[in-house]
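K.L.:
what's the 3D shape of this:
(one chain, ligands or ions: 2)
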Amino acid sequence: MSKAITIAEAQRYDAHTINEIGIPALVLMERAALATFNNLLNDDFDLSRVIVVAATGNNGGDGIAVARLLHIRGIDVEIYLLGDPAKATPQTAQQLKIANYYHIPFTTDLNHVVNATLIVDAIFGVGLSRNISGKFADAINAINAADAKTVSIDVPSGINADTGEVMGVAVVADSTTTMAYNKIGLLTITGKQHSGTVHIADIGIYAQDHLEHAR
Ligand SMILES: NC(=O)C1=CN([C@@H]2O[C@H](COP(=O)(O)OP(=O)(O)OC[C@H]3O[C@@H](n4cnc5c(N)ncnc54)[C@H](O)[C@@H]3O)[C@@H](O)[C@H]2O)[C@@H](O)CC1
Ligand SMILES: [K+]
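P.N.:
Ligands and ions are numbered 1, 2, ... in the order given. Have a look, this model is predicted:
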């Protein structure tokens, strides 16, 4: 079985890749988005009406970048944005700016989530830190009520990536593209029930520096 990591390890490897090796965070985000985009195409989903449900952390940034990749291909995609864009991470603020440049439509209507043919879940990844309530919970309930297939980015939103525990409410995905390594919480019974088919995406983040290949 391939390696699975904790939230702390994911965060440490991310920080090492960005701060010590020097690969810019936006490059990692683009690779995460491209990997998810390729899985959307390869898994043969119905892309007639796609909705990306994104919050303003970096998981949301991955999703907004996926929306852009779909939009540029001529696919009908909308973004349902949760949270305050003024508080977005720098990378996600940049993705929002790019999405605006391309005039990617934003919607505030949860019916668009329910009526989509494919939902991309980019609400929370390894940064989920407390139980989910309010508008975030409403969006997750709408995702789970929809007939559409759902693809989660990194972690099904609401699943604790360390324990697999449902933090109040969690997305039940058909497929999850998780970055760098699987997460130990996704290997629990609840984690597996929520993540569906797991694709592990190599986005240039490694537990070791792989210098033996580079020299
Ligand atoms: N940092 C990196 O190097 C990379 C990160 N990536 C993506 O970024 C994700 C991690 O990003 P972040 O660390 O920004 O974290 P997330 O985007 O997972 O979420 C963190 C945000 O959600 C808020 N939050 C947490 N629990 C909440 C709750 N219950 N209700 C409402 N708000 C809540 C936090 O305050 C924070 O603003 C990964 O899962 C992955 O998808 C990828 O882009 C690859 C590179
Ligand atoms: K997610």
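
K.L.:
please save the CA atoms from stretch 159-168 in PDB.
P.N.:
Output in PDB follows, covering the C-alpha atoms of stretch 159-168 (Å, rounded to 0.1, in the frame of the first residue of the first chain):
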ATOM      1  CA  ILE A 159     -13.600  14.700   6.900                       C
ATOM      2  CA  ASN A 160     -10.800  15.100   9.400                       C
ATOM      3  CA  ALA A 161      -7.800  14.000   7.400                       C
ATOM      4  CA  ASP A 162      -6.100  12.500  10.500                       C
ATOM      5  CA  THR A 163      -8.900  10.600  12.000                       C
ATOM      6  CA  GLY A 164     -11.500  10.200   9.300                       C
ATOM      7  CA  GLU A 165     -14.100  11.700  11.600                       C
ATOM      8  CA  VAL A 166     -17.000  13.700  10.200                       C
ATOM      9  CA  MET A 167     -16.700  17.200  11.600                       C
ATOM     10  CA  GLY A 168     -20.400  17.800  11.900                       C
END
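
K.L.:
buried stuff in that stretch?
P.N.:
For stretch 159-168, the buried set under the neighbour-count rule, 16 or more other CB atoms under 10 Å, comprises Ile159, Asn160, Ala161, Asp162, Gly164, Glu165, Val166, Met167. To be clear about C-beta, it is placed using only N, CA and C from the backbone, and glycine gets the same treatment.

K.L.:
helix, strand, or coil at the fifth one?
P.N.:
The reference is to Gly164. coil (DSSP: H, G, I helix; E, B strand; the rest coil).

K.L.:
give me the distance between the closest residue to it other than its chain neighbours and ligand 2.
P.N.:
Spatial nearest neighbour of Gly164, excluding adjacent residues (CB to CB, 6 or more residues apart in numbering): Thr188 at 3.0 Å. Note on Thr188: its distance to ligand 2, by CB to the ion, to the nearest Å, is 17 Å.

K.L.:
look at the residue nearest to Asp43 when sequence neighbours are not counted and report its pLDDT.
P.N.:
Once flanking residues are discounted, Asp43 sits nearest to Ser175: 5.7 Å by CB to CB, 6+ apart. pLDDT, Ser175: 97.

K.L.:
count of residues packed around Ser175?
P.N.:
20 (other CB atoms under 10 Å).

K.L.:
contacts only, for it.
P.N.:
Taking CB atoms under 8 Å, 6 or more residues apart in numbering as the criterion, Ser175 is in contact with Asn39, Asp43, Lys149, Thr150, Val151, Ser152, Ser195, Gly196, Thr197, Val198, His199.

K.L.:
what's the distance between the residue most central in space within the chain and ligand 1?
P.N.:
Nearest residue to the geometric centre of the chain (CA atoms, centre = their mean): Ile153, 2.4 Å. Ile153 is 5 Å from ligand 1, where distance means CB to the nearest ligand atom, to the nearest Å.
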